[in-house]
Every structure is written in structure tokens, then in C-alpha cells.
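*Asks:* Just to be clear, the model below is a prediction. Sequence and coordinates:
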Amino acid sequence: MSKILVTGGLGFIGSTAIKMILSKTHDEVLNIDKHSYASMPEALDLVESSSRYSFLKIDIGQYELTKKVIADYVPDVILHLAAESHVDNSINSPKEFIESNIIGTYNLLQATNELWTDKDRLNKKFIHVSTDEVYGSLEQNEAPFTESAKYSPNSPYSASKASSDMLARAWYKTFGIPVIITNCSNNYGPWQFPEKLIPVVIKKALNHEKIPIYGDGLNIRDWLFVEDHAAALINIYQNGEAGEKYNIGGNNEISNLDLVEKICAILDEVSPSMNIPKYSQLISFVRDRPGHDVRYAIDATKIAKELNFIPSIEIDAGLMKTVQWYVKNKDWLNQKSS
């Protein structure tokens, strides 16, 4: 049994990872999270009573407190997911992204550097979870990003994550902290806070409001079902090699417009409207976001070959599962502010 310290475990990906760790392994989890506006403690209601789960309200922006938690808990693995992640918010308020994503990551890395012995650096792991957005934008005919792709971030969010990736790499190279960096594509699934595209679309549609799509809707993203991401992270902390970098993709490239139309078609099937013939009639094109990247695409060959990980949920099945969950939990969806 390993002791897993999860940062940001009240978030969308973190809470999913914790539930999977507790259900699929014998490991125990300490979840530390500052409990921000997008935190969802209710996502972990079913595991709160587990003897292998505990929670502390901690802001990793506070160095001494963060160091004390690591010293007291003595984790075998740090699974670092805590981050501000909404691109629009990073444009409006970049300072919070610098403080959380860069300073918070520095605090974790430096605390482990001060606490971990030479033996710890051989036996423990620090999993730094990042995004494909650090690579920048691809044109339609360009090959997907590999782990060796150059960094070219275009938003304050992606710049903050690129900076934290560089810190993680430097603490491995300079101090021997056993860092593994992961870069994932767009996540989706149940319990995602309704500020991201898919839950926003579902919420707007169910409330018969205009569904906003930036620009012409032709921007392309690769979509990764959140449970596949959680499974990949467990695989990586169990089998990944320190100093390595793994792209985690869903093999589901699709334009924003096509994605929204798929969601609307599923809603027509599972929750037909009495007011309009089709939910797609609510689609409304709005002014494009500044610095909006054209396309993201992940080449996940490395993790497939080295760790035998292949995502199991393709986009149509994942969207059906996601839409059905939000329809069933419409009250929760509407209680959350977007």
C-alpha cells in the first residue's frame, strides 16, 4: 500500500482520480485543496467515510504549511493536480494563475527538495499534471504534439502551466526530485464545473438559453474522458519512470461546432424539449476569444508503448454518459455559477 498525496483533489480531475485510486488500488489518499469556487466536495461524498481517505484544507501557496503537510504525511507519491485552469479567467485575472500554478508548484517542489533524502529520491514519485496547451496551436495539417514538441503557450493559463512544467523539469535535473510530467488533452465527464465548454453547453440547452460558440466554431480539440485520464495517472505513478514525460490523449479530435451539435443531438434523444424542435437551434456564434488556438492534438504513442495505456472510452460513448449524468443532476448543474 502506498500513501498518495493529491493536491487539488476537490476539483474535477482530482476527485475522479481519488475515487479511482480508492476503488482500484489498496493505496491511501490525503487530499489537500484550498476549496476554491470550483471545488466540489460533494463529488467525494461516497469516499468520505473510507479509512483510506482524509482531507485537509490547505493552500499550496503557503510554503511552510505545505512543507509541514508533506513532512507529517510522508507520502510515497505526490499527485499534483492543483491549478487554476479556465483560460477565460486567466485572461481576465492572470495573477491568480501565476500564484497558484507557478508559485504553488514551486512550493511543492522545494518542500520535497528540503525533506526528501537520497533514498526518497530513488523510491518516491512526484507526478506533475499539465496540459497540451503548453505546446501552443497546430494547423489543420500538422502532426499531433509529441513529448518533444517545443513549448509555445498563447494564453496566461498555458504560460503558467508551461512555467510550472519547466520548474518540475529543473527540480528533477538539478536536485534529483523524481518528477514525471504529464500533458493531457481536454478532459470531460461528470462533475465538471460548469465554466468549461461541455457542461456550459448542456446547462444552456436545458435552460433554453443561447449556446455560445467562439468564432466560427472550427477550432479543434482532442477530448479525453476524465476516467481514462485518472486511469492513466494511476498507471504512471505505479509504472512510470522518474524524469519521463507522457502525453495523455483521447484520440478524439473534433471541432467545437461538431462537438456542440453532438451534445445537442444527444439531448434531443435523452431529454427532448417541449419548446423547440432541436436544441441545436440555440447555437449562437460569438466574438472569438483573444489568442484562441486553432487546434490541439496529442500523440499518445509513448504511453501506449511504454506503459501499455490506451484510453477505453471513445467520444460518442463518453458524451452519452456525460450528458445523461448532467440531465440527471440538473439541479446541481444550475446551482453552480458559470
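*Replies:* Sure thing, it's come through. Numbers count the residues shown, from 1 in each chain.
*Asks:* For Leu22, list the residues it contacts.
*Replies:* 29, 47, 50, 52-53 (Cβ atoms under 8 Å, 6 or more residues apart in numbering). (Glycine included, C-beta is placed from N, CA and C.)
*Asks:* Restricted to buried residues, select these in ChimeraX.
*Replies:* Buried residues within those, by 16 or more other Cβ atoms under 10 Å, are selected in ChimeraX with:
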select :29,47,52,53
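*Asks:* what's the following helix or strand after the helix-or-strand element of the chain with minimal mean pLDDT?
*Replies:* Within the chain, confidence by mean pLDDT, DSSP states H and E is lowest for helix 87-92 among all helices and strands, at a mean of 85. As assigned by DSSP states H and E, the chain's next helix or strand after helix 87-92 is helix 94-97.
*Asks:* The contacts of Leu22 in strands, which ones?
*Replies:* Here DSSP state E is the test, and these give 29, 53 as lying in strands.
*Asks:* pLDDT and distance to Ser2 added to the contacts of Leu22, as TSV?
*Replies:* Compiled in TSV, those are given as follows (pLDDT from 0 to 100; distance: Cβ to Cβ, whole Å):
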residue	pLDDT	distance to Ser2
Val29	98	10
Val47	95	17
Ser50	96	15
Arg52	98	11
Tyr53	98	14
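*Asks:* Of the contacts of Leu22, just say which sits nearest to Asp132.
*Replies:* Val29 (26.1 Å; Cβ to Cβ).
*Asks:* could you list every residue that touches the closest one?
*Replies:* By Cβ under 8 Å, 6+ apart, Val29 lies in contact with 4-6, 9, 18, 21-22, 52-54.
*Asks:* which stretches of the protein aren't confidently modelled?
*Replies:* 337-338 (pLDDT under 70).
*Asks:* Break down it into its strands, ranges please.
*Replies:* Remark: strands assigned in the chain by DSSP E are 3-7, 28-33, 53-57, 77-80, 125-131, 179-184, 186-188, 211-214, 220-225, 245-248, 253-255, 283-286.
*Asks:* any idea which residue sits dead centre in the chain?
*Replies:* Ile13 (5.0 Å; Cα atoms, centre = their mean).
*Asks:* Just give the nearest non-adjacent residue to Ile103, would you?
*Replies:* What sits nearest to Ile103 in space, not counting adjacent residues and going by Cβ to Cβ, 6 or more residues apart in numbering, is Gly61, at 5.7 Å.
*Asks:* Quick check: the gap between that neighbour and Asp76.
*Replies:* Computed as Cβ to Cβ, to the nearest Å, the Gly61 to Asp76 distance reads 24 Å.
*Asks:* Where is the longest helix in this structure?
*Replies:* Counting by DSSP state H, the longest helix found in the chain is helix 156-175.
*Asks:* by contact count, what packs against that one?
*Replies:* Under the contact definition 3 or more Cβ pairs under 8 Å, 6 or more residues apart in numbering; DSSP states H and E, helix 156-175 sits against helix 87-92, helix 94-97, helix 104-115, strand 125-131, strand 179-184.
*Asks:* What is the longest one packed up against?
*Replies:* Meaning helix 104-115. Where contact means 3+ Cβ pairs under 8 Å, 6+ apart, helix 104-115 is packed against helix 63-73, strand 77-80, strand 125-131, helix 156-175.
*Asks:* Show me what the third one is in contact with.
*Replies:* Outside of strand 125-131, the residues within contact range by Cβ under 8 Å, 6+ apart are 13, 76-81, 83, 85, 105, 108-109, 112, 158, 161, 164-165, 168, 177-184, 233, 236-237, 240, 242.
*Asks:* what does the first one give?
*Replies:* The set of residues external to helix 63-73 that reach it, using Cβ under 8 Å, 6+ apart, is 3, 5, 30, 32, 56, 58-60, 78, 107-108, 110-112, 114-115.
*Asks:* Surely Val270 and Val327 touch.
*Replies:* Yes. Taking Cβ atoms under 8 Å as the definition, Val270 is a contact partner of Val327 at 5.9 Å.
*Asks:* Fine by me, we can end here.
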